[in-house]
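Colleague: one predicted model, sequence on top.
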Amino acid sequence: TLVLPTTANPAFVPNLTEQPFQSAESFYPPSLVAQADTPMGEAIHQGLAMVRQRKDEYRENGISYYRPWVFLITDGGPTDEWQSAAAAIREGEASKAFAFFAVGVQGANMEILQQISVKEPLMLDGLKFRDLFTLFRRSITIHSWNGSSIETAYRMGICVSWRTVSASTAGTAHIATGGVCQDSCLAFVESIPEHEPLLCIFVADGAGSATFGGSGAELAVETAASFFTKKCMLPEFGFYDELAVECVLAIRQAIGVHAENKELPVRDYACTFLGVISSSQGTLVMQIGDGGIVIDTGAGLCVPIIPMTGEYANMTYFITDDNAIEVLATEIYSEKLLKVAAFTDGIQRLALNMASNTPYEPFFTPFFRGLANATVEQEDHLQASLVQFLN
């Protein structure tokens with residue numbers, strides 16, 4: 001829990017933290033005094049830095065987490081340079097690193113808040129905080145590595161044609177040997193101004209031999225999400241093989257920089273990578289390593305890319321390998337996907353007929369049917385059911 005500074009005192013000390021991070025059971029809210037205008041830009045930068053630090057700690061310790069929610073609640077406006085903070089918020093939202101919400105209390109400068117927040121700021125009705133959080137939950141569902149969502153922001157008027165549910169768990173085999181979850185996934189629908197929305201699915205599996213394979217997998221899906229949310233806004237955006245190559249190079253660079261900062265070899269972050277993007281304009285499927293992708297463009301379920309095996313049994317390829325670009329497999333379709341599933345090698349033999357490299361349809365039917373028929377109220381149960389199945 002973060003509480004950012006709110007004071008109009010000219011003697012404000014930069015980087016003042018009223019309440020450091022605490023787990024929920026240890027949190028006791030301090031008494032804050034609202035005094036109108038505040039050094040808001042500095043406070044936002046500090047809060048986002050604390051979020052990044054906490055996520056790094058989780059990654060290094062193999063702890064999974066939900067995408068953080070960051071709230072800015074103010075009764076005034078900024079007294080400092082806030083434009084760089086707004087840019088940091090846009091970048092973080094684009095990469096799905098966090099979700100940022102701006103809330104104005106009576107007297108807040110809502111015009112400035114609209115420029116700071118990607119999402120539309122809300123004006124709090126009195127002190128009805130419970131109603132506020134209920135509204136957020138009903139408006140848009142936002143989870144990180146484990147999440148289910150109808151990617152429809154009801155109050156923002158965004159309507160899309162996909163539903164997604166995703167989860168990453170350690171699985172019984174890892175738990176039995178004391179292992180941690182090394183898989184990561186992201187599934188979301190990106191809204192593109194004046195264009196059809198873009199479905200994005202990214203899955204990565206840390207190599208069992210890699211010390212920080214799970215961290216590498218998280219970096220892979222985060223970087224892919226950031227890459228495509230930026231690319232899809234460009235006028236020249238399209239579905240072509242070179243786009244997959246650019247994405248893989250971006251992931252390799254992100255992992256390389258992270259490894260260098262930690263003074264560790266890149267191979268410590270080895271992971272597989274699977275990606276799917278789709279809109280009414282077409283579909284791009286990409287894969288390095290094992291695991292599988294199953295799609296339906298209207299002609300029934302199929303496996304566009306055969307899961308990869310390495311030179312020897314029980315081996316595969318990783319995005320950190322020197323020959324990653326050479327082994328990268330891609331498929332392009334002119335149609336939009338009607339159904340798609342992506343998964344790591346943990347359920348590969350359950351989901352696929354390995355002899356013919358075809359989907360085992362009875363495996364997928366309950367998932368697709370349940371997702372299609374679920375009501376909004378049933379969404380939370382979908383993710384819980386998927387986690388239960390994976391465990």
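Modeller: Looks like it came in fine. Numbers count the residues shown, from 1 in each chain.
Colleague: downstream of the lowest-mean-pLDDT helix or strand in the chain, the next helix or strand is which one?
Modeller: Least confident element among the helices and strands of the chain, by mean pLDDT, DSSP states H and E: strand 147-150 (a mean of 37). Going down the chain from strand 147-150, the next helix or strand is strand 163-166, by DSSP states H and E.
Colleague: quick one: that next one to chain centroid distance?
Modeller: Distance of strand 163-166 from its chain centroid, counting by C-alpha atoms, centre = their mean, to the nearest Å, is 12 Å.
Colleague: contacts for stretch 353-370, please.
Modeller: Here stretch 353-370 makes contact (C-beta atoms under 8 Å, 6 or more residues apart in numbering) with 165, 294, 301-303, 306-307, 339, 341, 348, 350-352, 382, 385-386. Glycine gets a C-beta too; all of them are placed from N, C-alpha and C.
Colleague: can you give me the end-to-end distance of it?
Modeller: Using C-alpha to C-alpha, to the nearest Å, the end-to-end distance of stretch 353-370 comes to 22 Å.
Colleague: just how off-centre is that stretch within its chain?
Modeller: 26 Å.
Colleague: can you give me the buried ones in that stretch?
Modeller: Judged by neighbour count using 16 or more other C-beta atoms under 10 Å, the buried positions of stretch 353-370 are 359, 360, 363, 364, 367, 368.
Colleague: max pairwise distance over these: which two?
Modeller: For the buried residues of stretch 353-370, the farthest-apart pair by C-beta to C-beta is 360 and 368; their separation is 13.1 Å.
Colleague: for residue 359, list each beta-bridge partner.
Modeller: Residues in a beta bridge with residue 359, per DSSP bridges, are residue 352.
Colleague: packing partners for the host helix or strand of residue 331?
Modeller: Taking DSSP H and E as the criterion, residue 331 maps to strand 329-333. Secondary-structure packing of strand 329-333 (3 or more C-beta pairs under 8 Å, 6 or more residues apart in numbering; DSSP states H and E): helix 241-261, strand 282-288.
Colleague: packing partners for the longest one?
Modeller: If you count contacts as 3+ C-beta pairs under 8 Å, 6+ apart, helix 241-261 packs onto helix 213-231, strand 273-279, strand 282-288, helix 324-327, strand 329-333.
Colleague: export those to a markdown table and append columns for mean neighbour count.
Modeller: As requested, those are exported to a markdown table (neighbours: other C-beta atoms under 10 Å):
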| stretch | mean neighbour count |
| --- | --- |
| helix 213-231 | 25 |
| strand 273-279 | 26 |
| strand 282-288 | 24 |
| helix 324-327 | 14 |
| strand 329-333 | 17 |
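Colleague: need those in a markdown table (columns: mean pLDDT and distance to residue 253).
Modeller: Converted to a markdown table, the helices and strands packed on helix 241-261 look like this (pLDDT from 0 to 100; distance: least, C-beta to C-beta, whole Å):
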| stretch | mean pLDDT | distance to residue 253 |
| --- | --- | --- |
| helix 213-231 | 95 | 8 |
| strand 273-279 | 96 | 14 |
| strand 282-288 | 97 | 15 |
| helix 324-327 | 96 | 12 |
| strand 329-333 | 98 | 19 |
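Colleague: how about those in TSV, adding distance to residue 112?
Modeller: Output for the helices and strands packed on helix 241-261, formatted as TSV (distance: least, C-beta to C-beta, whole Å):
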stretch	distance to residue 112
helix 213-231	24
strand 273-279	34
strand 282-288	39
helix 324-327	44
strand 329-333	44
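Colleague: now do the contacts for residue 85.
Modeller: Applying C-beta under 8 Å, 6+ apart, the residues contacting residue 85 are 40, 41, 42, 44, 45, 48, 116.
Colleague: compare the residues you listed and tell me which is most surrounded.
Modeller: residue 40 (27 neighbours; other C-beta atoms under 10 Å).
Colleague: quick check: that one touching residue 75?
Modeller: No. If you go by C-beta atoms under 8 Å, residue 40 and residue 75 don't touch, sitting 11.4 Å apart.
Colleague: residue 267 is nearest to which of the helices and strands packed on helix 241-261?
Modeller: With C-beta to C-beta, the closest approach to residue 267 among the helices and strands packed on helix 241-261 belongs to helix 213-231: 9.4 Å.
Colleague: tell me which other helices or strands that closest one touches.
Modeller: Judged by 3+ C-beta pairs under 8 Å, 6+ apart, helix 213-231 is in contact with helix 40-60, helix 83-94, strand 183-190, strand 198-205, helix 241-261, strand 273-279.
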